[in-house]
Every structure is written in C-alpha cells, then in structure tokens.
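A.B. asks: Need coordinates for the following:
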Amino acid sequence: MSKRFENLKKIPEQPAKRLLAAGNAKLKTELKAPASAAVPVILAELEAAEAWVDMLRLLSVALPPREAVWWACLAGRDLLGDAEPTPCLAAAEAWVFEPNEANRAKVQAAMDSAETGDKTAHCATAAYYATGDLGPGEMKDLPAPPGIVGACAFGINLKSLKCRKDPQEQFQLMIDRGLNIARG
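C.D. replies: Numbers count the residues shown, from 1 in each chain. Next up, the predicted model:
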C-alpha cells in the first residue's frame, strides 16, 4: 500500500463500507477489497483505478465532521480565489476554530442571510449540522440528516474542480488536503 495513505489517525478504524453506509454514500468503482477493508486500503485501490471522484467521496464520509467542514472551507476558499470570504465561509471557519453554540448561531445567521447562489453555502450547511443534530432548543433532540456533512464537503470539493486549468491537479490537491487533515 502507498505511503500516501499511512497515519490517517483522524479517520476511524472502521471498514470503509460501514462509513460509506453511515454517510449515505456509495462509490461507483467496483472494489476488489473485502467488505472489512479499512479506509487506507480502499483509498489505495481507488488511486490505482484513478477513481478520483470516489476518493473524494470516501474522504468526505471518513473524515470526522469538524475536519470535513475544514476541508469544505478550503475548497470554498479555492472557489472565491482572491475575493473576501463570504459570510457563510467566514462563519463556518469560525465554527471550525471554536465549535460552540455561539459560532453555530453565527453560521445559522449567515445561512439565513446568504444570497442565492452563494458558492460557499455548503461550508455553512456542513458546519451547522456537524454536531449531529438539527439545531438548538427542541431541535437538539432530532438527528441531522444522515451524511449531510459529507455530502456538503463532497459537493463543494467537486465544485472547486474548475479552479484550475487542469482538473487532475485540483483532484490531487483536494485529495492531499483531505489526507493531511486526516493525519491531524
């Protein structure tokens, strides 16, 4: 196995298929590894098959929620280029650095006031649901939609493909970022 997938200490030591199922996600690549294979084994197989989209999909459900939000924020920065962070991106980043209810409320406010077509809305959505519930008060007892954080992280990373002339370079950048985050 490639050293590229070693020491991913933030990724749970669970079968990749279990994480995919919990994240309500599926890979398009048919795998040869057994159902019990860990994430690094599956990532190596996907890399050998040049299944870059599936690698992003797996990373999106394998990273813990806070780390997935950070990964989404990095892609959001790519989408904005040199522009100032949008309120959604700024609030999501603040939540990553201090994941508390006050910052979650700022994320909600940013989402509520976001302009239609905000390129970084996925960042705020991921941050808002990263705690695993639907919100404060009575909503705290209700679970967030399964896989929403991973879906948001996956979606914004895919959107960022257009940020480079060569999508292959962007794929590798996104994968490397996810792996670096997984290493802590």
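A.B. asks: Of all residues in the chain, which one is nearest the centre?
C.D. replies: Ala153 (3.0 Å; Cα atoms, centre = their mean).
A.B. asks: which helices and strands does the strand or helix carrying it pack with?
C.D. replies: Following DSSP states H and E, one finds Ala153 within helix 148-159. Contacts defined by 3 or more Cβ pairs under 8 Å, 6 or more residues apart in numbering; DSSP states H and E place helix 148-159 against helix 52-62, helix 65-80, helix 121-129. Backbone N, C-alpha and C define where each C-beta goes, glycine included.
A.B. asks: Look up how far Lys159 lies from Glu115.
C.D. replies: From Glu115 across to Lys159, the span is 16 Å (Cβ to Cβ, to the nearest Å).
A.B. asks: Look at stretch 112-128 and report the distance between its end residues.
C.D. replies: This stretch, stretch 112-128, spans 12 Å end to end (Cα to Cα, to the nearest Å).
A.B. asks: and Ala90, what does it touch?
C.D. replies: Contact analysis of Ala90 by Cβ atoms under 8 Å, 6 or more residues apart in numbering lists Ala110.
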